[in-house]
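Asks: Provide a 3D model corresponding to the input given below.
(one chain, ligands or ions: 2)
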Amino acid sequence: MRVFSGIQPTGSLHLGNDLGAIRQFTDLQSRAECLFCVVDLHALTVPQDPAALRAATLQVAALYLACGIDPRQAVVFVQSHVAAHAELAWLLGCLATTGELGRMTQFKEKSRGHESVSLGLFAYPALMAADILLYRSTAVPVGDDQRQHLELTRDIAQRFNARFGETFPVPDAFIGKVGARVMSLQDPAEKMSKSAADPASRVELLDPPAAVRAKIRRAVTDSGREVRHDREAKPAVSNLLEIFALVSGEPVAALEGRYGDGGYGRFKADLAEAVVAHLEPIQGRYRDLQAAPDHLEAVLADGAVRAGALADPTMRDVRARLGLLPRP
Ligand code: ATP
Ligand code: LTN
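Replies: Numbering: from 1, shown residues only. Ligands and ions are numbered 1, 2, ... in the order given. Down below sits the predicted model:
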């Protein structure tokens, strides 16, 4: 199994990124060949401030390590450091159609209300397909919101193979049973998101304990006072229960049993402490990494070399199959 995944440096990572994506990365790294990427080229599909992009790229890389990704096992690198991502995105973009790109939910959501958006935002899924196929990846751990992009990647791989001969494995999405869709603390119908305007809607991985407690205290709940998992009838409480289960390691049923119909107060207070305890070691390691920036730099330099070496043979093969002349 070859695993690839990426996170955009577009803001501070939150519990959704951690529980939906990074947790699976750390689970997979000891049993598969893994590449974990900071997808800075994807971030550029919407306007970015250069200094903020630089800082966010380093922050996501540091949080990968702080959350437990081990660079001796996994390849940790920055997308723009391996030029083949952009090159393959062009080639695959010539196989993707405007019809299928226009049907992507993420594109529709991010372009809503704008008269015109960047070509990059439209072509985003071709770049994502390139990320994955460049390494002939077979499994892609992502949150539920990326399912549609993965389907398109599979279609593009199949199309390439059918026209030009067997080149890419068709990758599978690897989506967790719980945690794949952590919802906003302010609106359980929306996913927790880096780009939502209200910071109270998400717990960021670097939030200090006081902020975590305040956000969870203010989190919306459902009517009634029963702590019960029922996504239909009690979406807000169900979301909090899932977060509690994931950060504490206790099953949802055990938590339901403990809090029952005792109201939300004690449940939320205990949840806040469980989240604080979950974040504390991550934040400690993050501070250590910040204190020694050379280490992170060295990890990313090594990651770029290792990723580049894996990408080269794919690109040679792809160019030849498409009919591009070999490079002199
Ligand atoms: P934005 O919220 O700004 O659209 P994002 O957080 O969805 O950005 P990324 O940061 O690139 O986008 O996502 C990184 C990974 O985290 C992806 O695998 C994505 O599916 C996952 N992820 C993001 N939000 C959630 C969430 N609320 N629940 C579970 N997984 C999530
Ligand atoms: N589109 C993804 C980020 C992403 C990605 C990838 C995920 C870019 N390239 C390759 C998995 C594999 C998102 O979460 N917004």
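
Asks: Count residues in the vicinity of residue 62, would you?
Replies: When counting by other CB atoms under 10 Å, one arrives at 22 neighbours for residue 62. (Glycine included, C-beta is placed from N, CA and C.)

Asks: Let me fix that, I meant to ask about residue 100.
Replies: Neighbours of residue 100 using other CB under 10 Å come to 13.

Asks: And for the one 3 residues further on?
Replies: In terms of burial, residue 103 registers 12 neighbours under the definition other CB under 10 Å.

Asks: What of residue 17?
Replies: Residues lying near residue 17 (other CB under 10 Å) number 25.

Asks: repeat for the one 5 residues further on
Replies: For residue 22, the neighbour count with other CB under 10 Å is 24.

Asks: how near is the closest residue to ligand 1 within the stretch 201-328 of the chain to residue 195?
Replies: Residue nearest to ligand 1 within the stretch 201-328 of the chain: residue 202 (8.0 Å; CB to the nearest ligand atom). In this view, residue 202 and residue 195 are 10 Å apart by CB to CB, to the nearest Å.

Asks: Between those two, tell me which one has more neighbours.
Replies: Higher neighbour count among residue 202 and residue 195: residue 202, with 27 against 10, using other CB under 10 Å.

Asks: As a check, name the ranges of all strands in the stretch 51-200 of the chain.
Replies: With DSSP state E, counting those that start in this stretch applied, the stretch 51-200 of the chain shows strands at 75-78, 139-141, 172-174, listed in chain order.

Asks: The last one pairs with which strands?
Replies: The partner list of strand 172-174 in its sheet, established with DSSP bridges, is strand 139-141 (parallel).

Asks: is ligand 1 contacted by the strand it pairs with?
Replies: No. Strand 139-141 is not in contact with ligand 1 by CB under 6 Å from any ligand atom; minimum separation 7.1 Å.

Asks: Can you give the contact residues for that strand?
Replies: Strand 139-141 has contacts (CB atoms under 8 Å, 6 or more residues apart in numbering) with 1-5, 21, 24-25, 28, 32, 132, 146, 150, 153, 171-176.

Asks: Restricted to helices, list those residues.
Replies: 24, 25, 28, 132, 150, 153 (DSSP state H).

Asks: hmm, back to that, quick check: which of the contacts of strand 139-141 are also close to ligand 2?
Replies: Answer for the contacts of strand 139-141 near ligand 2 (CB under 6 Å from any ligand atom): 4, 5, 132, 146.

Asks: from those, which single one is nearest residue 307?
Replies: Using CB to CB, residue 4 is the member of those that lies nearest residue 307, at 9.6 Å.

Asks: Next one: that closest one relative to residue 127, how far apart?
Replies: From residue 4 to residue 127 the distance is 13 Å (CB to CB).

Asks: Next: residue 37.
Replies: 11 Å.

Asks: More neighbours: which of these two?
Replies: Legend: neighbour count by other CB under 10 Å for residue 37 and residue 127, higher for residue 37 (29 against 23).

Asks: Tell me where this structure has helices.
Replies: Using DSSP H, helices in the chain cover 15-17, 23-28, 40-43, 50-66, 84-93, 98-102, 105-111, 119-134, 147-164, 209-218, 235-248, 252-259, 265-291, 293-322.

Asks: Just give the nearest non-adjacent residue to residue 165, would you?
Replies: residue 321 (6.1 Å; CB to CB, 6 or more residues apart in numbering).

Asks: Return the residues of the chain in contact with ligand 1.
Replies: Residues of the chain lying near ligand 1 (CB under 6 Å from any ligand atom): 7-8, 10, 16-17, 20-21, 142-143, 145-146, 180-182, 191-195.

Asks: Which residue, neighbours along the chain excluded, lies closest to residue 182?
Replies: Residue 182 sits nearest to residue 16 (CB to CB, 6+ apart), 3.8 Å away.

Asks: show me the contacts for that neighbour.
Replies: 143, 181, 182, 191, 192, 193, 202.

Asks: Make a markdown table out of these and add pLDDT and distance to ligand 2.
Replies: Below are these laid out as a markdown table (pLDDT from 0 to 100; distance: CB to the nearest ligand atom, whole Å):
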| residue | pLDDT | distance to ligand 2 |
| --- | --- | --- |
| 143 | 91 | 7 |
| 181 | 92 | 12 |
| 182 | 96 | 13 |
| 191 | 95 | 11 |
| 192 | 97 | 13 |
| 193 | 94 | 10 |
| 202 | 98 | 15 |
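
Asks: Fine, thanks again, bye for now.
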